[in-house]
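J.: Please find the sequence and the predicted model below.
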Amino acid sequence: MEILLRVLDGPRLLVGREPAPLPESSLRILVFLVFRRRPVPRRLVASLLWPDSDESRAGGNVRSAIWRLRAAGVPIDDRAGTGLCVRAGPALALDLDEVTGWAGRVTTGPGDRADLCVPAGVDAALDLLPAWYDDWVVFERERVRARVLHALEQVSERLSASGRHAEAVDAAIAAVCAEPLRESAQRALILAHLAEGNQVEAYRSFRAYHKLLEAELGVAPSPRLRALAPASMNG
């Protein structure tokens, strides 16, 4: 039976396409183990997920959460000497893998033509599990965010080269909206406008970014980005 962990619009677990009635404690352990991708000692799981509880209570929370996950059909192993892990294999799928797989293909090679289409889950991946503030979630969020931003910038460039200018602008705007102070994202947007022949739009984007940098950080765009401004005005 197919089991799907959704973190882009969750977290929630679907078993055979039906929601599994799991408490947040079980979902947190499942997400933690899936993100770690390797066995984790029980005591470490307990201390990270229940830092304010004593060892006995935290350990009991782990046992209860794992029991509920196994009852739902989640393939969790408890290996002696190593710890808890989600068993590798096709039994459990993660919706985030579609986005990170796309980003990995885009950033490591020319990729397939199909990879020029930005997956629907990109916006949610850029702000993964926004209501969770644990350090391990923050680290994963930033890892995914960096990979997706790089992919959006590269896809924007490739879409422009393919003459798909509207999509190129959309991909660059998605990166800019996620990280307005990121110069490489702003550069991708300016270049997408220029590739379409929209010099005024390119200049407006440059000016807006220039003002944002001055207001937020008191600095100017890099010489590399400033060099695009005259082209956006004079061709």
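T.: Looks like it arrived, so ask away.

J.: Any buried residues in stretch 158-172, and which?
T.: 158, 159, 160, 164, 165, 167, 168, 169, 170, 171, 172 (16 or more other CB atoms under 10 Å). To be clear about C-beta, it is placed using only N, CA and C from the backbone, and glycine gets the same treatment.

J.: Would you mark the buried spots in the longest helix along the chain?
T.: Longest helix of the chain, by residue count under DSSP state H: helix 135-161. Along helix 135-161, these residues count as buried under the neighbour rule (16+ other CB under 10 Å): 137, 140-141, 144-145, 147-160.

J.: now the helices for the protein?
T.: Under DSSP H, the chain gives helices at 24-36, 42-49, 55-71, 96-108, 122-126, 135-161, 165-178, 183-196, 199-216, 223-226, 228-234.

J.: any chance of the ones you listed in a markdown table, plus mean pLDDT?
T.: As requested, those are arranged in a markdown table below (pLDDT from 0 to 100):
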| stretch | mean pLDDT |
| --- | --- |
| helix 24-36 | 93 |
| helix 42-49 | 90 |
| helix 55-71 | 91 |
| helix 96-108 | 93 |
| helix 122-126 | 95 |
| helix 135-161 | 95 |
| helix 165-178 | 96 |
| helix 183-196 | 96 |
| helix 199-216 | 94 |
| helix 223-226 | 92 |
| helix 228-234 | 61 |
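
J.: domain assignment for the protein?
T.: 3-92, 99-234 (automatic domain parsing).

J.: Figure out how far the first one is from the centre of its chain.
T.: Here domain 3-92 is found 20 Å from its chain centre; the criterion is CA atoms, centre = their mean, to the nearest Å.
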